[in-house]
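# One predicted model, sequence on top.
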Amino acid sequence: MKGKLIIIEGSDGSGKETQTNLLYNYLKEKNVSSMKITFPDYSSRSSEPVKMYLSGEFGKNPNDVNAFAASSFYAIDRYASYKTKWGKFYNDGGIVISDRYTTSNMVHQASKIKDKKDKDYFLDWLYDFEFNKIGLPLPDMVFFLKVPTEFSLDIIKNRKDSYKGNIKKDIHETNTEYLKDTYENSLYVAEKYNWNIIECVKNNYMRTIEDINSEIIKKILL
């Protein structure tokens, strides 16, 4: 009996890791069999192509690597993680909560493609590649933490890089136009795939972490 796969996705600086941790702790307190994962899996050798891409070894601009190529780097990392870390737990009925997933490529990589027809072609390709061809599980629920770009830029300004432990940002975070394009694309993708959109900014202020977490939990319990 397969379990459930719940994804926390969102704009840059939206608190994906924080909300993943809070949801995992909530389920743990309720004695629900659950596991927390994150992508990219920087602790694994499978993330090396992702690190090379993000550090600019393939080009300093995100658009130097096309959406198909970049997505394949992340897909390999997800496949390795599924096969070695959480696949058995999920297939035995456990609940897996993931900080990012295939959804991140839908948000980030599809933003490189401006033509709607070409964008939809890429999204269809990605869906088929990961969920049909290589056999990764489909998410049961996706929560999208929506934070406008101007708030994201302020939040990530002094945030340490998650895999280098320093202030240097990756090629996504240092490109303001790319972040704007990604935000606009994320709204299209979230609606296209009927994700649960969480408005993290209300009345021009960021909502509290606890308030956002409460909304997520309520939607899971419906």
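Perfect, I can see it now. Numbering: from 1, shown residues only.
# Could you measure from F151 over to S186?
According to C-beta to C-beta, to the nearest Å, F151 stands 14 Å off from S186. Where you see a C-beta, it was placed from the backbone N, CA and C, and this is true even at glycine.
# Would you mind telling me which of those two has the busier surroundings?
S186 (27 against 20; other C-beta atoms under 10 Å).
# how near is the nearest residue in space to S33 that is not next to it in sequence to S214?
Spatial nearest neighbour of S33, chain neighbours left out: G94 (4.8 Å); criterion: C-beta to C-beta, 6 or more residues apart in numbering. G94 sits 24 Å away from S214, going by C-beta to C-beta.
# Please say which of those two ends up with more neighbours.
Neighbours per residue (other C-beta under 10 Å) separate G94 from S214, with G94 holding more: 17 against 14.
# doesn't I37 make contact with the more buried one?
No - using C-beta atoms under 8 Å, G94 makes no contact with I37, being 11.1 Å away.
# Could you pull out the strands in this structure for me?
Ranges of strands within the chain are 4-10, 34-38, 95-99, 141-146, 196-199, 201-202, 205-206, based on DSSP state E.
# A75: which of those strands is closest?
Judged by C-beta to C-beta, the one of those that comes nearest to A75 is strand 95-99, at 14.2 Å.
# gap between stretch 13-21 and the chain center?
Its chain's C-alpha centre and that of stretch 13-21 lie 10 Å apart, by C-alpha atoms, centre = their mean, to the nearest Å.
# Next, the buried residues of stretch 131-144.
Buried residues in stretch 131-144, counted by 16 or more other C-beta atoms under 10 Å: L136, P137, P139, V142, F143, F144.
# List the contacts of Q19.
Remark: with contacts taken as C-beta atoms under 8 Å, 6 or more residues apart in numbering, Q19 is in contact with I8, G10, F143, L145, I209, I212, N213, I216.
# Cheers, nothing more for now.
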